[in-house]
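> model the structure of this input:
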Amino acid sequence: MDELLNFIRTLTSFSDDSWRLLQPALTVQEFRKNELLLEEGEVCHALFYIVHGYCRSYYTIDGAVKNTGFFFEKEIATNVTSFGSGQPSEFNMIACEPLSVIRFDKQQLFLAAKQAPEIEVLGRHCIRVFAARQAEFANLFQLYTPLQRLEYIETKHSALLQRVSLSQLASFLGVARETLSRIRKRRTLS
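Presented below is the predicted three-dimensional model:
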């Protein structure tokens, strides 16, 4: 839990009293590889701070898996739309390897936020950080070619290349696996 407190304090000032009030909202959870954190159609009632491992968000369309995000250590994973609105999730979140998280329970988080303004500010910062990351990746698809997307990932998010399979990376970049292989091969030949 100390790691989480350090992370929180990188986002906002956070007193020891607020930390004590936040404790009932926090639960350590372990997920096996391929175990769902959130299933499509469920309402998201949690933020997940990743301690160890990584997970991905995805949906399936006509039998094809479309990856929408990858979340690694010291990051928050959630479905921000479902969490905020109470609407069912339009995608799944799954552990890609053994995963250890600290789960922020939404109801307990809101109760704690009523007692300490720092906790409310923390919640807003977590959502802001998550939303900024979503916007960053959404811009990749609006502004860049597949080659430029790959170069961006290599520069800004190298953990993706080290830990995510080529098939999953291709799905995330919006290209076929074969296309991604050709792009990578062409670059090594130039």
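
> next, residue 91: phi, psi?
Phi and psi for residue 91, reported as degrees, to the nearest 10, are phi -140, psi 170.

> check contacts around the residue nearest the centre of the chain.
Against the mean C-alpha coordinate of the chain, by C-alpha atoms, centre = their mean, the closest residue is residue 77 at 3.2 Å. When contacts are counted by C-beta atoms under 8 Å, 6 or more residues apart in numbering, residue 77 is found next to 37, 47, 48, 50, 55, 57, 69, 71, 93, 101. Where C-beta positions appear, they are placed from N, C-alpha and C, glycine not excepted.

> the last one pairs with what?
Yep, that's residue 101 we're talking about. Beta-bridge partners of residue 101, counted by DSSP bridges, are residue 29, residue 50.

> quick revisit: what pLDDT does the residue nearest to the residue nearest to the centre of the chain when sequence neighbours are not counted get?
Leaving aside its chain neighbours, residue 77 sits nearest to residue 71 (3.7 Å; criterion: C-beta to C-beta, 6 or more residues apart in numbering). pLDDT recorded at residue 71 is 93.

> surely residue 71 meets residue 54?
Yes: using C-beta atoms under 8 Å, residue 71 is in contact with residue 54, at 6.1 Å.

> hmm, back to that, list the contacts of the residue nearest to residue 77.
By C-beta under 8 Å, 6+ apart, the contact set of residue 71 is 48, 50, 54, 55, 56, 57, 77.

> just the buried residues of the helix or strand hosting the fifth one, please?
When elements are defined using DSSP states H and E, residue 56 is found to belong to strand 55-61. Of the residues in strand 55-61, those buried by neighbour count under the rule 16 or more other C-beta atoms under 10 Å are 55, 56, 57, 58.

> thought the last one was touching residue 70?
The reference is to residue 58. No: applying C-beta under 8 Å as the test, residue 58 and residue 70 come out as separate, 9.8 Å apart.

> now the helix or strand where residue 172 lies, how far from the centre of its chain.
Element membership of residue 172, judged by DSSP H and E, is helix 166-173. Here the centre of helix 166-173 is set off from its chain's centre by 16 Å, with C-alpha atoms, centre = their mean, to the nearest Å.

> angle of the helix or strand following that helix against helix 166-173?
Using DSSP H and E, the helix or strand that follows helix 166-173 towards the C-terminus is helix 177-189. With axes from the mean of the first three to the mean of the last three C-alpha atoms, to 10 degrees defining the directions, helix 177-189 sits at 100 degrees from helix 166-173.

> picking that back up, how close does the residue nearest to residue 77 sit to residue 120?
Note on residue 71: its distance to residue 120, by C-beta to C-beta, to the nearest Å, is 23 Å.

> next one: residue 13
Applying C-beta to C-beta to residue 13 and residue 120 gives a distance of 13 Å.

> looking at those two, which is more packed in?
Set residue 13 next to residue 120 and count neighbours by other C-beta atoms under 10 Å: residue 120 wins out with 16 against 10.

> circling back: who touches both of residue 71 and residue 54?
Between them, residue 71 and residue 54 share no contacting residue, judged by C-beta under 8 Å, 6+ apart.

> good, wrapping up.
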